[in-house]
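>>> Provide a 3D model corresponding to the input given below.
(chains A and B)
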Amino acid sequence: MMEHEKRGKTSTIDFIKEITRQHGGETITFCYQCGTCASSCPVAKTTDRYNPREIIRLALLGIRDEVLFGDAIWLCSSCYNCQERCPQKVEIADVIYALRNIAIREGNVPNLYAQFAAGLISEGRIVPMSKFLEKKRADYGLPPLKPAGVEQLRKILAATGFDKIQFRKGETV
Amino acid sequence: MISYALFLGCTIPARQPHYEISARKALTKLGIELVDLESMTCCAPPPIQSIDLETSLAVAAYNICLAEEADLNIVTLCTGCFESLAMANTLLKENQQLKAKVNKILAEAGKEFRGSKEVRHYLQVLTNDIGLEKLKDSITRPLNNLKVASFSGCHLLRPSSLLRFDDPERPRIFDTLIEALGARSIWYKNKLRCCGGLLRGYADDVALAIARDKIVNTTNAGADCIATLCPFCFLTLDLGQMLMKSTYKEEYNMPVIHYAELLSLSLGIDPKELALNFHKVKIDKVLEKIG
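Numbers count the residues shown, from 1 in each chain, chains lettered A, B, ... in the order given. Next comes the predicted model:
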């Protein structure tokens, strides 16, 4: 049996459907590979590890593993410059989010993201409160910080399945 | 008096009291009442959107629901919070299908997004509620033609189709507000380009190289300081200069100052009240120039 048949998900059309069904991924098929995104990208100007045009091409060719398990999709700085300028109105930054969402469900979770998720679930915040500053607020003339609505937030995270995502640490970074 | 629910987010209260203090003092002095609501959470910014976009929308909507219940519009300081909340607010107001889907999730937490409130960045409050004329009249310590390199950060402007803040390629609002304080907003190369901040922690080398570009370009343009709105841009450019020193053996000493701090100083608020010691790159040169 061929490798892709075993995995059962790597046909080109299946991968494109998987992306366009994902919130944020709907516009990927409009891409005509002009490269306006790459030439507008601050990251692509700095490193050859990232090129948004190339990611979209690979995705449209159905090269699922390279897209989802490679390093590139994590190098978008979410600045939206590409999306502003795309002549085909591909929502490129949102497509990258959609690809990250799929990759995470497949278990490709960079450490950093696992930490953010843990913070959100436990504290309702992704930057832990500095105990020092919490105590010093009054000295600075700041009002006490209101507690985060962790209980209600957890109900939301349970409803979307966010709290069930397996944040397997240390596999890709 | 105009009242807003103040959305502080995670980073500002936990790491940057100088931002929170200056914003509270300046806005209050200009006649805006800031209300701290119970039970707000993280706004669900890009790192959470990267994990799950639908969860992020629901979390942002939950926070907007709290403001709806209090019958207040939201004002944010952090541009990241502005982006998350304003995007969700626009999307859910304009897409009934998405709204129904998110409301099903919110119902689990006893909430319903109605779409009755606005999410504003504090620059919009300055421009629209207070107005440039009143702002200029309130300045008691004009900034003495200080050469300011404005850097709004990406998420004040983009995605413009949802944020609708200013022209994404030729923005004017932030520069106009800098000049209202008696400073000069100067041009520099790649002014609207990202600082690379969101890559910190994943690809530190790439993030630092992008940040370096911003420091080099503002230095070459002869800026006295960079003015920021986003706590991540601030961290990337201010702490970043310490990292540039150790990584590239380069020393720039370019002060990075939140606009709210410049605003407070120009309104005559005593620098001693502003926790200015939270700057890694010292801003004494700027204070001297203002006089």
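
>>> please count neighbours and contacts with C-alpha atoms only from this point.
OK.

>>> got the residues of the stretch 51-200 of chain B near chain A?
Contacts of the stretch 51-200 of chain B with chain A, taken as Cα under 8 Å from any Cα of the partner chain, map to B:51-55, B:58-59, B:105-106, B:108-109, B:154-155, B:158-160, B:168, B:193-194, B:196-199.

>>> which of those fall in helices?
Using DSSP state H, the members of these that fall within helices are B:51, B:53-55, B:58-59, B:105-106, B:154-155, B:160.

>>> tell me which residue of chain A lies closest to chain B.
Closest approach of chain A to chain B (Cα to the nearest Cα) occurs at residue A:149, with a separation of 3.8 Å.

>>> what pairs with the closest residue to that residue other than its chain neighbours across the strands?
Distance criterion Cα to Cα, 6 or more residues apart in numbering or on different chains; nearest residue to residue A:149, sequence neighbours excluded, is residue B:39 at 3.8 Å. Using DSSP bridges, the beta-bridge partners of residue B:39 come out as residue A:148.

>>> domain ranges for the chain?
Just so you know, I chose chain A. Residue ranges for the domains of chain A, per automatic domain parsing: A:3-105, A:111-164.

>>> switch to chain B, please.
According to automatic domain parsing, the domains of chain B span B:2-122, B:132-290.

>>> state the phi and psi torsions of the residue of chain A closest to chain B.
In this entry, residue A:149 is assigned phi and psi values of phi -80, psi 60 (degrees, to the nearest 10).

>>> now do residue B:73
Per degrees, to the nearest 10, the residue geometry at residue B:73, taken as phi and psi, is phi -80, psi 160.

>>> about what we covered before: show me what contacts the residue nearest to residue A:149?
Applying Cα atoms under 8 Å, 6 or more residues apart in numbering or on different chains, we find residue B:39 in contact with A:146-150, B:66.

>>> adding distance to residue B:76, write those residues out as CSV.
Converted to CSV, the contacts of residue B:39 look like this (distance: Cα to Cα, whole Å):
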residue, distance to residue B:76
A:146, 16
A:147, 18
A:148, 16
A:149, 18
A:150, 20
B:66, 14
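
>>> about what we covered before: out of the ones in helices among the residues of the stretch 51-200 of chain B next to chain A, who has the most neighbours?
residue B:59 (31 neighbours; other Cα atoms under 10 Å in any protein chain shown).

>>> what sits against it?
With contacts defined as Cα under 8 Å, 6+ apart, residue B:59 is in contact with A:153, A:156, B:41-44.

>>> what stretches of chain A score poorly on pLDDT?
When residues are selected by pLDDT under 70, those of chain A lie in A:1-10, A:168-173.

>>> return the residues in contact with residue 126.
Picked chain A for this. Taking Cα under 8 Å, 6+ apart as the contact definition, residue A:126 lies against A:115-120, B:10, B:42.

>>> sorry, should have said chain B
For residue B:126, the set of contacting residues under the criterion of Cα under 8 Å, 6+ apart consists of B:132, B:135.
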